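Participant: take this sequence and fold it.
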Amino acid sequence: MPNPLGKKSPAPAVLLLDDNHEYRQTMAMMLRREGYRVMQAEKSAALEKTRTDPPALVLMELTTNSANDFELASQLQVARSNSAIPVVYYATEEIKNQISDSTVEVLAKPIPATRVGETLRRHLSEFPDRPRPIASPGFTASK
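Facilitator: Below you'll find the predicted structure:
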């Protein structure tokens, strides 16, 4: 499968973090069709996964416990020797609407394959040779 960024180098690795096995498998299949090398993990295994095989980008589901998800994104940055790994989030529309920081990209589920592909290509091609900071978005949990 060709590199989705149109380069001759190997396809970039995307670490897909989702605790729902079925949805993670569906997303992985979409990403592979787009040409990405896909690594999968539950969020609890994310740090170890980035140490053993650092990804080019993390695609992570946000849950109702999104504050912990953002903390995990910060830990991923530290785990990579202070180099930021770009993180793209996805969530239900309800959770997406609770994110108050407009600098953070959150894709609404269900995500069309074309949207996933264009979003990852954009994030990976903006700064291909240097790390990007991880944003710590504002999150307002509804009660």
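
Participant: got the contact list for stretch 105-116?
Facilitator: 27, 30-31, 33-34, 59, 62, 88-93, 95-96, 99, 119, 123 (C-beta atoms under 8 Å, 6 or more residues apart in numbering). For the C-beta atoms, the positions are set from N, CA and C on the backbone; glycine is no exception.

Participant: let's see that with 7 Å instead.
Facilitator: 30-31, 33-34, 62, 88-93, 96, 99, 119 (C-beta atoms under 7 Å, 6 or more residues apart in numbering).

Participant: check the residues you listed and tell me the two furthest apart.
Facilitator: Distances among the contacts of stretch 105-116 were taken as C-beta to C-beta; the most separated pair is R33 and I99, at 27.7 Å.

Participant: these two: who's more crowded?
Facilitator: More crowded of R33 and I99, by other C-beta atoms under 10 Å: I99, with 19 against 13.

Participant: and H21, how far is that from T50?
Facilitator: Here H21 is placed at a distance of 20 Å from T50 (C-beta to C-beta, to the nearest Å).

Participant: can you check G117 too?
Facilitator: 23 Å.

Participant: compare these two (neighbour count), which wins?
Facilitator: Neighbour count, other C-beta under 10 Å: between G117 and T50, T50 has more, with 20 against 17.

Participant: and that one, which helix or strand is it part of?
Facilitator: For T50, the host element (DSSP states H and E) is helix 46-52.

Participant: what packs against that helix?
Facilitator: With contacts defined as 3 or more C-beta pairs under 7 Å, 6 or more residues apart in numbering; DSSP states H and E, helix 46-52 has these neighbours: strand 13-17, helix 66-79.
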